[in-house]
Each structure stands twice: as structure tokens, then as C-alpha cells.
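Novice: pasting the structure only:
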Ligand code: ADP
Ligand code: NI
């Protein structure tokens, strides 16, 4: 089976799995991240096939969508075996997917160039106009408010607190989104992140100006 065929089958599979996800991990998030990962991979001379496959599958194992992280990883491994990806490539793809999630910030540094590429692509989709839309969609799906002046952004938190603690959509900008531009791995992503960062700051400025009116 050709690489193109494997990619096409994986697109179909992921589309089916994530079609109706309401938490910002819908198929179009995956499509955007995959296109961005390919662009960055070309700029950085990374392995295009590995980046594309990891980007397509990166949210299939998400802990929010599976009983456990291990179960999610098993699901991806099974899929890659089904389409006859060789073992070293499966290991690379799994290593990328298990290492890139944000989870409150305290993650180990990434080792492979391909992991850096896919992480940057995923993080860029959390920024800018689309990032803002995803934040409010996610907060809504979780039952959080848009904003509450009585709930202060959290300075530091464990993975558990990050996922389950009470917060607001606006606080998420301070707890995660505004920190991302300094955590990009590749120069190409840094440039895009800088622009999207400025737009979010402008958005927050207007948001708080209206709040006071
Ligand atoms: P992470 O990268 O932290 O694992 P996800 O990528 O699963 O988070 O998050 C999906 C989208 O929802 C992202 O755009 C992210 O910024 C946003 N998001 C995550 N957690 C929250 C939250 N507590 N409130 C609002 N938006 C959130
Ligand atoms: Ni993602």
C-alpha cells in the first residue's frame, strides 16, 4: 500500500471517530493541524509522512475521549497495524502523540524533530481567531462561564487541577494561551504564534473595555 493510500485511509478513520466531537477536537481541528504540520515539516526538513500521520491521529488517544491514555494509545497502534505501517514508524508516531499534549505545562522536552513539528502545529490551532473560538466552545462544553471577575486565573496547577478545576474561558488565555508563543519549537511556528498572540491580546483589551462599559 502506498503512503498516499495509508494517509487517505487514516483521514477516513479519524473523520469517522471525531466527526461529532464538541470539545474543540472535531475533524476540522485535525485537518487544520495536519495541513500546518505539513507546512512546518517542509520548512524544517522533517519526515513528512511521520508528521502527517501523527498529526492526523494526535487527538484519537486524548485522555478526554478515552477511558485511559493507555487505551487511546492501543487504539492508535491497532489502527497503524491494520494499515501495515512498519514497527519503527509505529513507535515514532506513538512517541510523538504521547509526548505533545499540554496538560498544564509540566511536560518533558521533546526529542524528535517530528514531535516538535506536530506539537507546534497543534499549539498554533489554540491561538488566534480560531484559538479564541475553540476556547469558548471548549468552555461551553465543560460548563464553564465566559468570564467571572471573582474567579482568578490560576498561577500554577497540577494536571488534575488543569483539567478539572473551576475556571473560565477568559482565564484560559492567562493559564495557557498567552504562554504558548514562548514555547514554540520551530522558527516558522514562532513567527505565526507571535502574530496570533498579538491578535489575542487585542481581543482581550476590547473584551475588558466592553466589560467595564
Ligand atoms: P491541551 O492542549 O491542553 O491538551 P486540548 O488541545 O485538548 O488541550 O484543548 C482543546 C482546545 O480547548 C484548545 O484550543 C484549548 O486551548 C482549549 N481548552 C483546553 N482547556 C480549556 C479550558 N479549561 N477552558 C477553555 N478552553 C480550553
Ligand atoms: Ni489537537
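Specialist: Arrived safely. The structure presented is a predicted model; accordingly, all values stated were derived computationally and were not measured. Ligands and ions are numbered 1, 2, ... in the order given.
Novice: Flag the shaky bits of the protein, pLDDT-wise.
Specialist: Low-confidence segments of the chain (pLDDT under 70): 23-24, 101-109, 162.
Novice: Nearest residue to the middle of it?
Specialist: Residue closest to the average C-alpha location in the chain (Cα atoms, centre = their mean): residue 122, at 3.6 Å.
Novice: any idea which element it lies in?
Specialist: Using DSSP states H and E, residue 122 sits in helix 113-124.
Novice: The very next helix or strand once past that helix near ligand 1 at all?
Specialist: The first helix or strand that comes after helix 113-124 along the chain, using DSSP H and E, is helix 128-142. Yes: judged by Cβ under 6 Å from any ligand atom, helix 128-142 and ligand 1 are in contact via 131, 134-135, 138-139. C-beta: built from backbone N, CA, C; applies to glycine.
Novice: what's helix 128-142 in contact with?
Specialist: Contacts to helix 128-142, defined as Cβ atoms under 8 Å, 6 or more residues apart in numbering, come from residues 22-24, 29, 32, 125-126, 145-146, 168-169, 172-173, 177, 195-196, 199-200, 203.
Novice: try stretch 2-11
Specialist: 49, 52-53, 56-57, 79, 83-85.
Novice: Counting neighbours, which of those end up buried?
Specialist: Buried by 16 or more other Cβ atoms under 10 Å: 49, 52-53, 56-57, 79, 85, out of the contacts of stretch 2-11.
Novice: Give me the buried entries from the contacts of helix 128-142.
Specialist: 23-24, 29, 32, 125-126, 168-169, 172-173, 177, 196, 200.
Novice: any chance of these in TSV, plus secondary structure and distance to ligand 1?
Specialist: Formatted as TSV, these follow (DSSP: H, G, I helix; E, B strand; the rest coil; distance: Cβ to the nearest ligand atom, whole Å):
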residue	secondary structure	distance to ligand 1
23	coil	6
24	coil	4
29	helix	8
32	helix	11
125	coil	7
126	coil	4
168	strand	8
169	helix	5
172	helix	4
173	helix	9
177	helix	6
196	helix	12
200	helix	11
